[in-house]
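Undergrad: Quick one: sequence plus predicted model below, questions after.
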Amino acid sequence: MPIGLLLVSCLISLCPVSTAAGERAISCLGRLEPKDGIIKLAGPANGGGVIKTLSVSEGDWVEAGDRVALLDTYELRKAEVKRLEAVIRNAQRELDRQTNLSRTSATSRVRLDDANMNLEVAQAELAAARARLDLAVVTSPIRAQVLEIHARPGEMISPEGILELGRTDQMYAIAEVYETDIAKIRPGQRARVSLAALDEPLTGVVEDTELRVSRLDVLGTDPIAKTDARVVEVKIALDDGASVARVTNMQVEVEIEI
């Protein structure tokens, strides 16, 4: 190919502004995501842990606060809580006894203070034990659908976490717009989203843009495309996301009207 034609071809590939049906549009690649992205539900903050029971399957919907899994430390932590509840009952009875004796000067101030301190220490230990018990119970932070399970009963929790959640009832296209074109993008602009799984393109509206510039994540098939291009992610709320609720992360082609 002559050098002049090669330069023209390269310039066209780096300027993704096209004209469709008499309208100017920015064309780019992107991916499908649930609203707010994918949440990886992790285990305890200190890592590790083995799944004892799992209450959900892939595709299930869970509400915020629903229990999804128990760790193998659950029964031990539960027994610790019961033991400390018994300790507190004994400490309370002793404090009551010392308080009654103090009214007739049948006990010393030191014994009364010791009984009070023992109760306070037991109460603090119970609070800590209940917190450890809570760590053995994994709950969903939001209403969402279970997309993928990474750890099943008997398996140790890996760095990938226990499972992935997504709000697939509200699907978005995440378009990667070159940093040179981002000034032309603003909320409210209409967009068309094409993907191989559907015969007709989806429509949507630009909702927001990221506050940082990053490197291109979605790669197309163009051999001369800039693989190290700097882009800004643009969130496009789809008008009909139900049709793509089961294809999270699928690559799409996006045209944003300008």
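TA: Perfect, I can see it now. Just so it is clear, the model here is predicted, and its values are computed rather than measured.
Undergrad: And the pLDDT for residue 17?
TA: At residue 17, the model reports a pLDDT of 56.
Undergrad: Where is the longest helix in this structure?
TA: For the chain, the helix reaching the highest residue count under DSSP state H is reported as helix 74-103.
Undergrad: What does the pLDDT read for residue 11?
TA: In this prediction, residue 11 carries a pLDDT score of 33.
Undergrad: Kindly report the same for residue 5.
TA: Note for residue 5: predicted pLDDT of 41.
Undergrad: Would you state the strands of the stretch 101-250 of the chain in chain order?
TA: Using DSSP state E, counting those that start in this stretch, the strands found in the stretch 101-250 of the chain span residues 137-139, 144-149, 163-178, 190-194, 202-209, 214-215, 230-238.
Undergrad: how about these, which one is nearest residue 55?
TA: Proximity to residue 55, assessed across the strands of the stretch 101-250 of the chain by Cβ to Cβ, is greatest for strand 137-139 (9.1 Å). Heads up, the C-betas are built off the backbone N, CA and C, glycines and all.
Undergrad: OK, contacts around residue 98?
TA: By Cβ atoms under 8 Å, 6 or more residues apart in numbering, residue 98 lies in contact with 107, 111-112, 115.
Undergrad: before we move on, back to that, what residues of the longest helix of the chain count as buried?
TA: The neighbour-count criterion (16 or more other Cβ atoms under 10 Å) identifies 74, 77-78, 80, 84, 87-88, 91, 94-95, 98 as the buried residues of helix 74-103.
Undergrad: related to what we said a few turns ago, show me how to select, in PyMOL, the buried members of the contacts of residue 98.
TA: Buried residues within these, as defined by 16+ other Cβ under 10 Å, are selected in PyMOL through the command that follows:
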select buried, resi 107+112+115
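Undergrad: Now residue 243: closest residue in space, sequence neighbours ignored.
TA: Taking Cβ to Cβ, 6 or more residues apart in numbering, and ignoring the residues beside it in sequence, residue 243 has residue 198 as its nearest neighbour in space, at 6.6 Å.
Undergrad: That neighbour - how many residues pack around it?
TA: Residues lying near residue 198 (other Cβ atoms under 10 Å) number 14.
Undergrad: Residue 162: neighbour count?
TA: Other residues within reach of residue 162 by the criterion other Cβ under 10 Å amount to 23.
Undergrad: from memory it sits against residue 39, does it?
TA: No - in this structure residue 162 lies outside contact range of residue 39 using Cβ atoms under 8 Å: 11.0 Å.
Undergrad: Between which two of the contacts of residue 98 is the distance greatest?
TA: Comparing all pairs in the contacts of residue 98 by Cβ to Cβ, the longest separation belongs to 107 and 115, at 9.0 Å.
Undergrad: If you count contacts, what does the longest strand along the chain end up packed against?
TA: Ranked by residue count and defined by DSSP state E, the top strand of the chain is strand 23-41. If you count contacts as 3 or more Cβ pairs under 8 Å, 6 or more residues apart in numbering; DSSP states H and E, strand 23-41 packs onto strand 17-20, strand 144-149, strand 163-178, strand 230-238, strand 251-257.
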